[in-house]
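Undergrad: Make a model of this:
(chains A and B)
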Number of protein chains: 2
Amino acid sequence: MESAIPDHLRCPRSRLRRVPDDYQPPYPSFVARHPTRVTQVVMAYYGVQSRAGRAALTPALAELQARFGATAGPQHADRARYIDEAGYATVIAAAYWDDPARYDAWHATHGKAWTGTSRDGLGTFVEVLRPSVERYETLFSAPNRAEGIAALASGMSEMVMEHAYWGGARDRIPASQTDALAPVGAPRIEQDGAQVVVHGHEHLCLIRSGQDWADTDAGERAMYLGDVEPELRAGMDFLRDDGRAIGCYANRYLRVEDDDGRPLEKSYGMSWWKSLAALERWAESHPTHIAIFGAAMRYLGKLGPAAQLKLYHEVTVARADEQRFEYLGCHPATGLLRVGG
Amino acid sequence: MESAIPDHLRCPRSRLRRVPDDYQPPYPSFVARHPTRVTQVVMAYYGVQSRAGRAALTPALAELQARFGATAGPQHADRARYIDEAGYATVIAAAYWDDPARYDAWHATHGKAWTGTSRDGLGTFVEVLRPSVERYETLFSAPNRAEGIAALASGMSEMVMEHAYWGGARDRIPASQTDALAPVGAPRIEQDGAQVVVHGHEHLCLIRSGQDWADTDAGERAMYLGDVEPELRAGMDFLRDDGRAIGCYANRYLRVEDDDGRPLEKSYGMSWWKSLAALERWAESHPTHIAIFGAAMRYLGKLGPAAQLKLYHEVTVARADEQRFEYLGCHPATGLLRVGG
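TA: A predicted model of the protein is given here:
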């Protein structure tokens, strides 16, 4: 067992970990390990929306895929879709770099074009974090299925100590050793030509939290889809529709698809929060998440180590200058646009 | 809103509270406030057991009640019963003092007699903590129904900040401002004449956690007894039978009764833990407590502020010299005797 915080990012603490030194988690979990040369990464969510339905998005997605394939394009990307609360078909391609200079080079030509070029009947947007490695954490239930930023890692850790208790995500973020990660300021919306830009704020928080039921057999799949997924969906709907009051700026619950638009047996939620603290409070005490957590516990309790469902997440608490949100031709409740209120 | 830690017990922190300064709990809770002159209290659980059933306990309980009425007797007491895992009818009278000198005076005559005098066919025991006021906390869902040590308080607080998140109990204990409350050592059993004495250890932990459904109407009572209580009982049974592996030394789930032995619509669990950390881990992540918590959340979610169920607890983390456990003629799985292993 090892710490989730890699050796080279450990420092004298002014803020204590929540669990004592002899804490033993009740089941194993793993975190992504980057090469030590990696000091900052880029997590960029490129979205496209249309009221006309999924097929209307296809040309733009083909363009995006071509751009991703260009020089200095993302080292990893996946694509997922959903119908948003306004009824717009939406696809988001999540793209990852572990070299900000490479991202900047790609962005100068290709990234800029995504929200810089109007497309008839379509809205495009990008929501980008470029956190230093001190400012995010990952967690995986299985060590052999990297997703998201972990696809760029050199590998997975051994079993880590800091998980399976509330506050574990905070304790896995290296910056939490010395920083309360408290939010400062409020989002601000600015019109910039045809684009709308949202300026975030210090210590705004993103969670991407994923589910992968591809390996489940028929019985387990029926349990997941029948007992757990409906609770998950209800919680995601709550955050999407009513999350603002508890500090959730925006929530999307997406189904991952392949390059040809066929749905995979994977999903993820991505939600933007005022702060890690607000996310912590929802997760540990809101009835909607208690219901999700309870259903998952009953499921895993029944199946034990035989469970083939894979779960993962990544949580980032970004500095103000590590965020960029741009929207072009999008309806006013898209993503962080709604915080304009 | 105010801090659960009273002003006169606040000190410069070396350990931080888990929630930020702007934390707002989602519903109100209250804590007991003692007069500032109170610096240490006594919580003493006087038990009697018999394989022959409840009626066999009556004479001993009458004796105990008379002793409680003697000079310097407890300022508050209640009585509760259960059938323990060995099938012994058991009654425990929980007695409280807020003046240790007064307790010592009473104990010299009356307390000593309880576990100093063999009674044919009966086992007697006492489990006592005498914590300083820095080393325990209380929490009440309603401000007008004191139980346990709170019956000796001068009143209840206003709504307090430090609750409705995991780690709240720790944050309400004044000593947690500067002390990790980590356990040191292990329990040790010693034969002392006819008595068996268990020596606890630094930072052993007790929780008394109570339920009062006397004020519920028929519909709410049916929901409590049908949906919540069975989950509570299952969790209590788990801790009683299998708690050792996760740091629970002993657990009892008792029904409160009146002085004539008639059951009241009140119950409480009392459990002895190796540490507050072990109790925290069970509460926040064990399937049995997630099930209790989930059932309670669904119940309170349906009823909202109309719910008439009253909940409370007191959690103590005691120094080694603030503990005393004595057993006379008891079966070997009684209370802390089982830690002898």
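
Undergrad: Check the spacing between the residue most central in space within chain A and A:Tyr249 real quick.
TA: Nearest to the geometric centre of chain A sits A:Arg208, at 2.1 Å (C-alpha atoms, centre = their mean). Distance, A:Arg208 to A:Tyr249, using C-beta to C-beta, to the nearest Å: 15 Å. In short, each C-beta sits where N, CA and C put it, glycine included.

Undergrad: show me the contacts for A:Met213.
TA: One correction, residue A:213 is Trp, not Met. If a contact means C-beta atoms under 8 Å, 6 or more residues apart in numbering or on different chains, then A:Trp213 has A:Glu220, A:Arg221, A:Tyr224, A:Leu225, A:Glu265, A:Lys266, A:Gln308, A:Leu309, A:Lys310 as its contacts.

Undergrad: distance of the residue of the stretch 201-341 of chain A found nearest chain B from A:Phe238?
TA: The stretch 201-341 of chain A approaches chain B most closely through A:Gly294 (3.7 Å), counting by C-beta to the nearest C-beta. For A:Gly294, the distance to A:Phe238 equals 15 Å [C-beta to C-beta].

Undergrad: quick one: the helix or strand bottoming out on mean pLDDT in chain A to helix B:287-303, angle?
TA: Least confident helix or strand of chain A, by mean pLDDT, DSSP states H and E, is helix A:287-303 with a mean of 90. Helix A:287-303 and helix B:287-303 are oriented at 150 degrees to each other (axes from the mean of the first three to the mean of the last three C-alpha atoms, to 10 degrees).

Undergrad: ok, and what's touching helix A:287-303?
TA: Identification of contacts with helix A:287-303 by C-beta under 8 Å, 6+ apart yields A:220, A:223-224, A:227-228, A:231-232, A:234-235, A:238-239, A:282-283, A:307, A:309, B:287, B:290-291, B:293-294, B:297-298, B:301.

Undergrad: what's the answer for stretch A:145-153, then?
TA: A:32-34, A:38, A:41, A:43, A:75-76, A:78, A:94, A:96-98, A:136, A:138, A:140, A:156, A:208, A:210, A:212, A:268, A:310, A:312, A:314.

Undergrad: repeat that for 6 Å
TA: A:32-34, A:41, A:75-76, A:96, A:98, A:138, A:208, A:210, A:310, A:312, A:314 (C-beta atoms under 6 Å, 6 or more residues apart in numbering or on different chains).

Undergrad: What of stretch A:258-268?
TA: Stretch A:258-268 has contacts (C-beta under 6 Å, 6+ apart) with A:Arg208, A:Gly210, A:Gln211, A:Asp212, A:Trp213, A:Ala214, A:Leu254, A:Arg255, A:Val256, A:Glu257.

Undergrad: What about the spatially closest residue to A:Cys330 that is not a sequence neighbour, how many residues nearby?
TA: Spatial nearest neighbour of A:Cys330, chain neighbours left out: A:Gly123 (3.5 Å); criterion: C-beta to C-beta, 6 or more residues apart in numbering or on different chains. Around A:Gly123 there are 22 other residues, counting by other C-beta atoms under 10 Å in any protein chain shown.

Undergrad: swap in A:Arg233?
TA: Close neighbours of A:Arg233, defined as other C-beta under 10 Å, add up to 14.

Undergrad: same check, this time on A:Ala101
TA: Count around A:Ala101 with other C-beta under 10 Å applied: 10.

Undergrad: Same question for A:Lys310.
TA: Neighbour tally, A:Lys310, other C-beta under 10 Å: 19.

Undergrad: So it versus A:Ser29, what's the distance?
TA: 11 Å.

Undergrad: I'd like to know how far A:Tyr136 sits from A:Pro25.
TA: According to C-beta to C-beta, A:Tyr136 and A:Pro25 sit 20 Å apart.

Undergrad: Which residues are in contact with A:Arg79?
TA: Contacts for A:Arg79 (C-beta under 6 Å, 6+ apart) come out as A:Ala93, A:Glu257.

Undergrad: now the one 3 residues further on
TA: A:Tyr82 is in contact with A:Thr90, A:Arg252, A:Leu254, counting by C-beta under 6 Å, 6+ apart.

Undergrad: A:Met236 and A:Thr124, how far apart?
TA: 23 Å.

Undergrad: Now A:Ser50: closest residue in space, sequence neighbours ignored.
TA: Nearest residue to A:Ser50, sequence neighbours excluded (C-beta to C-beta, 6+ apart): A:Ala56, at 4.1 Å.

Undergrad: count of neighbours near the one you found?
TA: The number of residues packed near A:Ala56 is 17, by other C-beta under 10 Å.

Undergrad: What of A:Ala55?
TA: 10.

Undergrad: I'd guess it is in a strand, am I close?
TA: No - applying DSSP: H, G, I helix; E, B strand; the rest coil, one finds A:Ala55 to be helix, outside a strand.

Undergrad: Tell me the residues of chain A that contact chain B?
TA: Within reach of chain B by C-beta under 6 Å from any C-beta of the partner chain, chain A has these residues: A:15-16, A:20, A:164, A:166, A:182, A:277, A:284-285, A:287, A:290, A:294, A:297, A:301.

Undergrad: mind running it again at 7 Å?
TA: A:15-16, A:18-20, A:26, A:164-167, A:180, A:182, A:277, A:281, A:284-285, A:287, A:290-291, A:293-294, A:297, A:301 (C-beta under 7 Å from any C-beta of the partner chain).

Undergrad: Just the buried ones out of these, please.
TA: Buried residues within these, defined by neighbour count using 16 or more other C-beta atoms under 10 Å in any protein chain shown: A:15, A:18-20, A:164-167, A:180, A:277, A:281, A:284-285, A:287, A:290-291, A:293-294, A:297.
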